[in-house]
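*Asks:* coords please:
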Amino acid sequence: MPDTIEAEVLEIDGSPPPTPNDPEHTRRQDPWQAMRGRVVNLDRRWWPLWVLLGIVALGLILTVGVVIGAVVIVLKIVGGVLRFLIGGGGGSRAGISLSRPH
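*Replies:* Below is the predicted model of the structure:
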């Protein structure tokens, strides 16, 4: 496997080397610096995409809500069954009675 040799270029054809600047760094930073302090308007051509993304986001939020609601209902049912089994079924709640008073 050949080793890589690194060298610094001092002069080519009698002219000094160009000053090193980091174009990648300035390219990444310039658009954000240009946008700073400006109000950004969305392009009108992209409104169908934003509507579609909004519908997808709404569907995901509703789905998460339904799942959380189902989990809460299942936990309440399991809790009620466990309370009935552990409590022996003797109406321990005040005001609740299945038998009629005579």
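
*Asks:* and after the helix or strand of the chain with the lowest mean pLDDT, which helix or strand comes next?
*Replies:* When each helix and strand of the chain is scored by mean pLDDT, DSSP states H and E, helix 23-35 comes last, with a mean of 64. Downstream of helix 23-35, the next assigned helix or strand under DSSP states H and E is helix 47-87.

*Asks:* packing partners of that following helix?
*Replies:* With contacts taken as 3 or more Cβ pairs under 8 Å, 6 or more residues apart in numbering; DSSP states H and E, helix 47-87 sits against no other helix or strand. In this view, the C-beta of every residue, glycine as well, is placed from N, C-alpha and C.

*Asks:* look up how far G87 lies from G80.
*Replies:* 10 Å (Cβ to Cβ, to the nearest Å).

*Asks:* actually I12, not the one I wrote
*Replies:* Following Cβ to Cβ, the distance that separates I12 from G87 is 92 Å.

*Asks:* repeat for G37
*Replies:* Distance from G37 to G87, by Cβ to Cβ: 65 Å.

*Asks:* these two: who's more crowded?
*Replies:* Remark: of G37 and G87, G87 carries more neighbours, 11 against 6, as counted by other Cβ atoms under 10 Å.

*Asks:* tell me the SS of E8?
*Replies:* Classification of E8 using DSSP: H, G, I helix; E, B strand; the rest coil returns coil.

*Asks:* so where's the chain uncertain?
*Replies:* Residue ranges of the chain with pLDDT under 70: 1, 9-11, 17-18, 20-29, 39, 88-102.

*Asks:* can you give me phi and psi for S15?
*Replies:* Phi and psi for S15, reported as degrees, to the nearest 10, are phi -110, psi 150.
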